[in-house]
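Student: Okay, here's the prediction I keep looking at, along with the sequence it came from:
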Amino acid sequence: MATMKYKPTTPSRRHMSVASFEEVTKFTPEKTLIEIKKKHSGRNSYGKITVRHHGGGNKQKYRIIDFKRTQPKATVIGIEYDPNRTSYIALLQDDEGKKSYIIAPVGVTDGDVLYSGPDADIKPGNTLPIENIPVGTIIHSIEIYPGKGAQLVRSAGAQAQLMAKENGMAQVRLPSGEVRYIRLDCKATIGQVGNIEHDTIKIGKAGKTRHMGIRPTVRGSVMNPCDHPHGGGEGKSPIGRSGPVTPWGKPALGLKTRNKKARTNKYIVKRRNGR
């Protein structure tokens, strides 16, 4: 994927860059595979804001992705943009005419035939149980529980590596650097997720974030004391604490929030911070 830059006709256009969409070959979604996506604007069933900075945004429809890879053999008939995720999606069609969407890996284009099953080749886009994948292979769309569907490594440009296999478990190095145990009967897809240069795109102006459904973030130091622990004081005042905190008084930098008694701690071989 390549990015395009605009001429600096306005201050917001000066550094703005957008995706060239040269990998995209199909520009309208499959009507049988979309459903209505209702907006909640970060509010719960009582109308209270429980997730801040959500709201507005362009109208979207959800594309139903086959994370379980239920089709043993299917042909790629289009690569599409998906507004709900950073990666592109591929539209597949099997011999019976049934269609489905998957996360589009690097190198997969129209006309490619993809397989899902223990006998599939080690080729980008094919899905196999981890026990049938050679050690050292780059993988994505990894299951955590057999048959539940892919839950790990699904965003644009993400890739994991199969490090070792022993005693019914595999060691997989995730994009964060964490090494984690995954059961050998869980499925994974060969290759790296497409749209690699997504992280190089510069949004350029505030309006684009509003189109994405992101509302403005206000600094706590400019609020009143009743609204934020950093608030109050005359003019630009320091926060008055040893370190920054959240609006609810919790440390904002470096506090470990993972439950020390989490059931899945035993599956983590090495944490992303190297410990």
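Tutor: All right, it came through fine.
Student: alpha carbons only for contacts and neighbour counts from here, please
Tutor: Will do.
Student: just the helices in the stretch 151-275 of the chain please.
Tutor: Counting by DSSP state H, counting those that start in this stretch, the stretch 151-275 of the chain has helices at residues 206-211.
Student: Point out where it drops to low pLDDT.
Tutor: Scanning the stretch 151-275 of the chain for pLDDT under 70 picks out 274-275.
Student: Which parts of it are strands?
Tutor: 160-166, 169-173, 179-183, 187-190, 268-270 (DSSP state E, counting those that start in this stretch).
Student: Can you check which of the ones you listed gets nearest to residue 27?
Tutor: strand 187-190 (24.7 Å; CA to CA).
Student: follow-up on the earlier one: quick one, which of the strands of the stretch 151-275 of the chain is nearest to residue 213?
Tutor: Nearest of the strands of the stretch 151-275 of the chain (CA to CA): strand 160-166, 29.6 Å.
Student: What residues sit buried inside that closest one?
Tutor: 160, 161, 162, 163, 165 (16 or more other CA atoms under 10 Å).
Student: What are the neighbouring residues in contact with the first one?
Tutor: To tie it back to what came earlier, the one meant is residue 160. 138, 139, 140, 153, 172, 173, 174, 175, 192 (CA atoms under 8 Å, 6 or more residues apart in numbering).
Student: Please tell me I have it right and the fourth one contacts residue 142.
Tutor: Yes - between residue 153 and residue 142 there is a contact at 6.5 Å, judged by CA atoms under 8 Å.
Student: The two - which one has more neighbours?
Tutor: Per other CA atoms under 10 Å, whichever of residue 153 and residue 142 has more neighbours is residue 142, with 27 against 22.
Student: what bridges to the more buried one?
Tutor: Residue 142 forms beta bridges with residue 152, as assigned by DSSP bridges.
Student: Likewise for residue 92?
Tutor: residue 76, residue 100.
Student: which residues sit in contact with it?
Tutor: 74, 75, 76, 77, 78, 99, 100, 101, 102.
Student: Identify the residues contacting stretch 148-159?
Tutor: 66-69, 85-88, 103, 138-144, 160, 174-175, 187-188, 191-198.
Student: one more time with 10 Å, if that's ok
Tutor: 66-70, 85-88, 103-106, 138-145, 160, 173-176, 186-199 (CA atoms under 10 Å, 6 or more residues apart in numbering).
Student: Is it possible to mark the buried ones in those?
Tutor: 66-69, 86-88, 103-106, 138-144, 160, 173-175, 186-196, 198.
Student: circling back to that earlier point, the contacts of residue 92 into TSV, with extra columns for pLDDT?
Tutor: Shown next, in TSV, are those (pLDDT from 0 to 100):
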residue	pLDDT
74	96
75	97
76	97
77	96
78	96
99	97
100	97
101	97
102	97
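Student: So for the protein, the centremost residue is which one?
Tutor: Closest residue to the average C-alpha location of the chain: residue 155 at 3.2 Å, with CA atoms, centre = their mean.
Student: Since that was my last question, I'll sign off now.
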